[in-house]
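Trainee: Sequence isn't available, so here's the structure alone:
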């Protein structure tokens, strides 16, 4: 067969090219390629208020556009992946300090990524932009289709670093959502306080109107028109009382909300340090280098044979 004939004839070239391919792969794997370690966490976002207005407000804080209509069955878990990947959270995490064996202790994440991916040649803004993109590329967040469980996958240059990064992402996303809740509750409290003041004035005015009416008309039982007016004033005062009482109850509930410290994310499976690199795959890479080297050498052998 021609194939076997060419291989036998050009065996030295085939061996040399294949060995060169393997050598290049080994040099790349052990001296050039960046090791990547993958850690995974299972999360259950536990936002207490899954109302559409609350979710829209939370999404707006993080600059997220929600493609759904009013009344859609959307939960806090549906927007959590977008919160994790948001520019706001990315910017916060980049300014956090981490420990690495390769780049030292207490180093800002943006500086670690800058050194790891050789971004020093860019200006400050471009370096930050590229660091943000790299960080987001190393984070994957997905929600299970039939449950509210979210899977967070984080890649890092060292096992412990990957775990620290995952924990930082979880804690900072929780912190941001707590801050949103605090602002939301504070706004609600301010609104209710103003309404209480206004309704209190209206109630006092209604009470005074009824008092003055009764002082002016002490024989109302003899006049149907006066009875109707008294009933109207009494009903108006009772309505004001009911509104005032409801507002006071709501105000007490808001004060309770202000001191609540419930977590917004429940960690079902904590991120753990991986024992092995997720990439590059050494044996797979060497196998591919053999396949590519052999295939390339055979092509070259055919070309050389055709030129003779």
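Mentor: Yep, it's here. All of these numbers come straight from a predicted model, not from anything done at the bench. Numbering: from 1, shown residues only.

Trainee: contacts, neighbours, all on C-alpha from now
Mentor: Noted.

Trainee: can you tell me which residues contact residue 39?
Mentor: Counting by Cα atoms under 8 Å, 6 or more residues apart in numbering, residue 39 touches 153, 154, 155, 159, 162, 163, 166, 271, 272, 273, 274.

Trainee: Repeat the analysis, applying 7 Å as the threshold.
Mentor: Contacts of residue 39 were listed using Cα atoms under 7 Å, 6 or more residues apart in numbering, and they are 153, 154, 155, 162, 163, 271, 272, 273, 274.

Trainee: now it: how far from residue 206?
Mentor: Counting by Cα to Cα, to the nearest Å, the gap from residue 39 to residue 206 is 65 Å.

Trainee: from the contacts of residue 39, which single one is nearest residue 104?
Mentor: Using Cα to Cα, residue 162 comes nearest to residue 104 of the contacts of residue 39, at 15.0 Å.

Trainee: From residue 151, how far off is residue 160?
Mentor: As judged by Cα to Cα, residue 160 and residue 151 stand 19 Å apart.

Trainee: what does residue 144 give?
Mentor: In this view, residue 144 and residue 151 are 8 Å apart by Cα to Cα.

Trainee: Specify which residue of these two has the higher count of neighbours.
Mentor: residue 151 (19 against 11; other Cα atoms under 10 Å).

Trainee: Can you name the helix or strand that the more buried one falls in?
Mentor: strand 150-156 (DSSP states H and E).

Trainee: Return the distance of that strand from the chain's centre.
Mentor: Relative to the centre of its chain, strand 150-156 is centred 11 Å away, using Cα atoms, centre = their mean, to the nearest Å.

Trainee: Contacts for it, please.
Mentor: Looking at strand 150-156 with Cα under 7 Å, 6+ apart, the contacting residues turn out to be 36-44, 138-144, 162, 166.

Trainee: Show me which of those residues are buried.
Mentor: Among the contacts of strand 150-156, those classed as buried by 16 or more other Cα atoms under 10 Å are 36-44, 139, 141-143, 162, 166.

Trainee: Just flag the most distant two among these.
Mentor: Every pair of the buried ones among the contacts of strand 150-156 checked by Cα to Cα; the farthest is 36 and 44, at 26.1 Å.

Trainee: so where's the chain uncertain?
Mentor: Within the chain, the ranges that satisfy pLDDT under 70 run 1-6, 28-33, 47-75, 260-263, 278-282, 305-308.

Trainee: Nearest residue to the residue nearest the centre of it in space, please, no chain neighbours.
Mentor: For the chain, the residue nearest the mean C-alpha position is residue 84 (1.6 Å; Cα atoms, centre = their mean). Nearest residue to residue 84, sequence neighbours excluded (Cα to Cα, 6 or more residues apart in numbering): residue 173, at 6.5 Å.

Trainee: Counting neighbours, what do you get for the one you found?
Mentor: 24.

Trainee: Equivalent analysis for residue 205, please.
Mentor: Using other Cα under 10 Å, residue 205 has 14 other residues around it.
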